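Peer 1: Kindly generate the corresponding structure for this input.
(one chain, ligands or ions: 1)
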Amino acid sequence: MKFDQSGVDALMEITSRPELVFVRGHGSWLEDHNGKRYLDIVQGWAVNSLGHCPPEVIKAMNTQANLLINPSPAFYNQPSMDLAKRLTGASCFDRVFFTNSGAEANEGAIKLARKWGQLKRNGAYKIITFDHSFHGRTLATMSASGKPGWDTIFAPQVDGFPKARLNDLDSVRALIDDQTVAIMLEPVQGEAGVIPASVEYMQALRKLADEHGLLLIVDEVQTGMGRTGTLFAYEHSGVTPDIMTLAKGIGAGVPLGALCARQDVCVFVHGDQGGTYNGNPLMAAAGIAVFDAITAPGFLDTVNDRAQQLSKGLLALSAKWGMKGERGVGLLRALMLDRDDGVDIVNMARDRAPEGLLLNAPRPSLLRFMPALNITAQEIDQMLSMLDEIVGKVRG
Ligand SMILES: Cc1ncc(COP(=O)(O)O)c(C=O)c1O
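Peer 2: Okay, the predicted model is just below:
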């Protein structure tokens, strides 16, 4: 198949992309327009929790598409209620609002916290977020994010997101004033380079929030739905957040997110929140199939086995090449390089023949690994040996 340059020219330019068109995917493998196969450790940026084109999601969506796609959010539909019940039953949250993306779920969390602040905290509206955090690309979620440079690109920012430092409690304490309504964080900062908030830190944040009457919001868009080896990452610390957002893995590739909240925080009144696609039965059916796969007996045990295998393999690679070790939780991991050749490794891995390897370098000195949760032991070994070969080539 020829590369379609006129098609490229018709798309708005938003990022630099290799001249590859992916035409099909199955499990941990993708195939491009030339028939070349790639072992995919990016999986749509931790989106395809069950790999490419998982049969259970295809089946659920086919069945649902033949029944009902969107009756409008002004009416109930059974799949959205069934998925909401699954999520509330498996978490500390009482109610769910479905969204079409992670950014939209976080935007909803921000609105909910501000509304709660208006009603319960004399109009307090500031949400403390963190340096290097990533919460999405809407104006409010970009303002909430601590990505360097994002404070000026679309200035002026949405007001009210003072930034603290992750794993530094004093930096949070110093920002609290009578306008503060919430603390919002990723349990593991993903885009920042896979930096976990420690268990003690999560517990201390909960305590601090309670002392000051603040909400604790966890952005589990990347860490939720089994990615860290538990269904939700907040479970590792045993804290009870007030609000949680989900997306990415919950839809296994289709646009689905969720804003989950405890009952006493559910203060939206009619008209405050909505959207014509929100909670449509087609996406909810996909979400149910994903939820049932991830919560099936033994599934998360296997995720934890694969995580250990990946961690051990990355440590061995690190030792062999004089790198700086690895870190992460579950199947969200990073290899810390000893030099800034992450992008060269990613490019050479992709261009490798006969089979390519898709990796991500969120920083020049770091590689991030976010495979399908059902990647096999053999595929992890294959990835490690391909990576070893590529590092050898890049480093001459
Ligand atoms: C922690 C976190 N929050 C929010 C988002 C935004 O999600 P989406 O791209 O679905 O809007 C991302 C995406 O990478 C993320 O990692």
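Peer 1: How about the contacts made by the spatially closest residue to residue 231 that is not a sequence neighbour?
Peer 2: Take residue 231 and drop its neighbours on the chain: the residue closest to it by Cβ to Cβ, 6 or more residues apart in numbering is residue 90, 5.7 Å away. No exception for glycine: its C-beta is placed from N, CA and C like everyone else's. Residues near residue 90 by Cβ atoms under 8 Å, 6 or more residues apart in numbering: 231, 291, 295.
Peer 1: Pick out whichever of these sits closest to the ligand.
Peer 2: The shortest distance between the ligand and any of those, using Cβ to the nearest ligand atom, involves residue 231 and amounts to 16.5 Å.
Peer 1: still on that earlier bit, are any of the contacts of residue 90 buried, and which?
Peer 2: When burial is judged by neighbour count using 16 or more other Cβ atoms under 10 Å, the buried members of the contacts of residue 90 are 231, 291.
Peer 1: what does stretch 313-332 rub up against?
Peer 2: 46, 188, 190, 194-196, 222-223, 226-230, 233, 236, 303-304, 306-307, 310-311, 333-338, 368-371, 373, 375, 380-381, 384, 387-388, 391, 395.
Peer 1: Let's see that with 7 Å instead.
Peer 2: Outside stretch 313-332, the residues within contact range by Cβ atoms under 7 Å, 6 or more residues apart in numbering are 46, 188, 190, 194, 196, 222-223, 227-229, 233, 236, 303-304, 306-307, 310-311, 333-338, 370-371, 373, 380, 384, 387-388, 391.
Peer 1: right, is it up against the ligand?
Peer 2: No: contact between stretch 313-332 and the ligand, assessed by Cβ under 6 Å from any ligand atom, is absent, since the two come no nearer than 9.9 Å.
Peer 1: So for that stretch, what gets flagged as buried?
Peer 2: With burial defined by 16+ other Cβ under 10 Å, the residues of stretch 313-332 counted as buried are 313-314, 317-318, 321, 323, 326-332.
Peer 1: Over to residue 182. Which of the three states is it?
Peer 2: Applying DSSP: H, G, I helix; E, B strand; the rest coil to residue 182 yields a three-state assignment of strand.
Peer 1: Quick check: the gap between it and residue 114.
Peer 2: Relative to residue 114, residue 182 is positioned 9 Å away (criterion: Cβ to Cβ, to the nearest Å).
Peer 1: which bits of the stretch 1-150 of the chain sit near the ligand?
Peer 2: Within the stretch 1-150 of the chain, the positions lying close to the ligand (Cβ under 6 Å from any ligand atom) are 45, 101-103, 106, 134-136.
Peer 1: ok, and the most crowded of the residues you listed?
Peer 2: Neighbour counts for these were taken using other Cβ atoms under 10 Å; the highest belongs to residue 135, with 32 neighbours.
Peer 1: ok, back up a step: pipe the residues of the stretch 1-150 of the chain next to the ligand into JSON lines and attach distance to residue 161, secondary structure and pLDDT per row.
Peer 2: As requested, these are exported to JSON lines (distance: Cβ to Cβ, whole Å; DSSP: H, G, I helix; E, B strand; the rest coil; pLDDT from 0 to 100):
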{"residue": "45", "distance to residue 161": "23", "secondary structure": "helix", "pLDDT": "96"}
{"residue": "101", "distance to residue 161": "19", "secondary structure": "coil", "pLDDT": "98"}
{"residue": "102", "distance to residue 161": "17", "secondary structure": "helix", "pLDDT": "98"}
{"residue": "103", "distance to residue 161": "14", "secondary structure": "helix", "pLDDT": "98"}
{"residue": "106", "distance to residue 161": "11", "secondary structure": "helix", "pLDDT": "98"}
{"residue": "134", "distance to residue 161": "13", "secondary structure": "coil", "pLDDT": "98"}
{"residue": "135", "distance to residue 161": "9", "secondary structure": "coil", "pLDDT": "98"}
{"residue": "136", "distance to residue 161": "12", "secondary structure": "coil", "pLDDT": "98"}
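Peer 1: Closest one of the residues you listed to residue 205?
Peer 2: Of all those, residue 205 sits closest to residue 135, with 16.3 Å by Cβ to Cβ.
Peer 1: ok, now which ones touch the closest one?
Peer 2: Taking Cβ under 7 Å, 6+ apart, we find residue 135 in contact with 106, 141, 144-145, 219.
Peer 1: go on, residue 379?
Peer 2: Applying Cβ under 7 Å, 6+ apart, one finds that residue 379 lies in contact with 28, 39.
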